[in-house]
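S.K.: Here's a sequence, model it:
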Amino acid sequence: MINLIDLEKKINSELNTKIKNTKIKHNQVYIEIDKNDLIEVTLFLKTNKNTKFRQLIDITVVDYPEESQRFKLVYLFLSHEFNQRIILSYFISEKEVITSLTSVFPAANWMEREVFDMYGVNFKDHPDLRRILTDYGFEGHPLRKDFPLTGHSEVRYSEEEKKVVKEEVKLEQNYRNFDYESPWEGTNYIKEQTEKNGQKN
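M.R.: Numbering: from 1, shown residues only. Sure, this is the predicted structure:
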């Protein structure tokens, strides 16, 4: 079994022009690459006798809405033979279309569909890129940081129309002015009421 330091050195020596940065953290190797080198780097990690990262665990995204390169794509791989994990990442802008990993890891199919659905990241050469978690006609991408917590619309059964209707979200105003004071000290409206009652007595 190759240790993490040797693994990091091996990856850097074999892929030195493809690797932007590497580090060992939390007993795992983190690699940062350019998006154009994704297929070549993952093929190396999967097939090289010293790496053998043959299982794709997950694909996810980190959203940085204030940055020009808004999304950080993160790939998690596992080597069963060496009992090691590696995390691969790169940055892209909001409108960029990136290469699908399904040609190397068929399991990437549903993972990339989830990333497309939740973040709006597009993949080229994907066999079936459509939403997987949200409903047909859903607007927006729920895991983006600028997506409203309440969503844009709601679906409910209308007793008057006797059918399911889709409406814009209407926020109730009753609880807008919530008092966040310590419950042990009592909230303002209870203090005021107590003082009024005390004066009456």
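
S.K.: so which strand or helix has residue 43?
M.R.: Element membership of residue 43, judged by DSSP states H and E, is helix 38-47.

S.K.: Contacts for that helix next, please.
M.R.: Applying Cβ atoms under 8 Å, 6 or more residues apart in numbering, the external contacts of helix 38-47 come out as 11, 14-15, 18-19, 31, 33, 51-54, 75, 77, 86, 88, 90, 98-99, 101, 103-105. Placement of C-beta: from N, CA and C, glycine included.

S.K.: Give me the contact list for the helix or strand following it.
M.R.: The helix or strand immediately downstream of helix 38-47 is strand 55-63, counting by DSSP H and E. Residues outside strand 55-63 that contact it (Cβ under 8 Å, 6+ apart) are 70-80, 85, 101, 105, 107-108, 111-112, 114-115, 118-119, 121, 143-145.

S.K.: roughly how far apart are the residue nearest the centre of the chain and residue 118?
M.R.: The chain has residue 61 as the residue nearest its centroid, 3.7 Å off, counting by Cα atoms, centre = their mean. The gap separating residue 61 from residue 118 is 8 Å, by Cβ to Cβ, to the nearest Å.

S.K.: returning to what we had before: list the buried residues in the helix holding residue 43.
M.R.: 38, 41, 42, 44, 45, 46 (16 or more other Cβ atoms under 10 Å).

S.K.: so that helix versus strand 55-63, what angle?
M.R.: 140 degrees (axes from the mean of the first three to the mean of the last three Cα atoms, to 10 degrees).

S.K.: from the middle of its chain, how far away would the host helix or strand of residue 164 be?
M.R.: Taking DSSP H and E as the criterion, the element that holds residue 164 is strand 163-168. The chain centre lies 29 Å from the centre of strand 163-168; the measure is Cα atoms, centre = their mean, to the nearest Å.

S.K.: What of stretch 156-172?
M.R.: Offset of stretch 156-172 from its chain centre (Cα atoms, centre = their mean): 30 Å.

S.K.: This completes my enquiry, with thanks.
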